[in-house]
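> have a look at this prediction, sequence included:
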Amino acid sequence: RYWFDGKRTERLTFDGTFNLRAQLTPDAKTLVFLSRGEDGKEHVAKQVLGEGFRSLLSTPTGVSDESPSVSPNGEWIVTANQSNAAQSKVVMVSMDGQHRVHLSARDGWIQDPTWSPYLSR
């Protein structure tokens with residue numbers, strides 16, 4: 001966490017060997033990020049702020065998950081699942097980690113999937 005006065009920062013995650021690409025949920029209570037697991041792969045993870053431990057939400061079917069993006073309602077996370085060095089697919093993971101839905105029928109070159117605001121133009 002970085003304060004805009006530029007005078008201080010605070011570390012929020014302490015689990016995992018490498019955490020990156022953090023994003024807050026819309027209610028600003030949970031941090032969603034990529035966390036390297038014991039298998040060496042980046043998993044989608046979450047941490048309720050103030051609790052101090054992470055929960056892995058995904059088990060990548062390929063090399064790793066990358067670029068998580070939280071839905072506007074805070075219930076889903078869309079990510080690119082890298083299936084090999086040059087191919088990936090769009091995958092949606094529920095915030096509780098119980099559901100994983102493949103959205104793309106084929107592998108392709110996918111980077112940084114994101115949500116669009118509901119009913120926006």
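Sure, I can see it. For clarity, every value in this text was computed on a predicted model and none was experimentally measured.

> what about residue 69, how many neighbours?
The criterion is other C-beta atoms under 10 Å. On that basis, residue 69 has 17 neighbouring residues. Any C-beta I mention is one placed from the backbone N, CA and C, and that applies to glycine too.

> need the nearest residue in space to it, chain neighbours excluded.
For residue 69, the nearest residue in space outside its immediate sequence neighbours is residue 114; the separation is 4.5 Å by C-beta to C-beta, 6 or more residues apart in numbering.

> what's the burial count for the one you found?
Other residues near residue 114 number 10, with proximity taken as other C-beta under 10 Å.

> now do it, the pLDDT please.
On the pLDDT scale, residue 114 is placed at 86.

> what do you get for residue 40?
With respect to pLDDT, residue 40 scores 82.

> which residue is the nearest non-sequential neighbour of residue 55?
The shortest distance from residue 55 to any non-neighbouring residue, by C-beta to C-beta, 6+ apart, is to residue 46 (5.5 Å).

> can you pull out the strands in the chain?
19-24, 30-36, 42-48, 55-56, 64-70, 76-82, 88-94, 100-102 (DSSP state E).

> dump those to TSV, plus distance to residue 5.
Written out in TSV, the entries for those read as follows (distance: least, C-beta to C-beta, whole Å):
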stretch	distance to residue 5
strand 19-24	19
strand 30-36	21
strand 42-48	24
strand 55-56	31
strand 64-70	26
strand 76-82	31
strand 88-94	35
strand 100-102	40
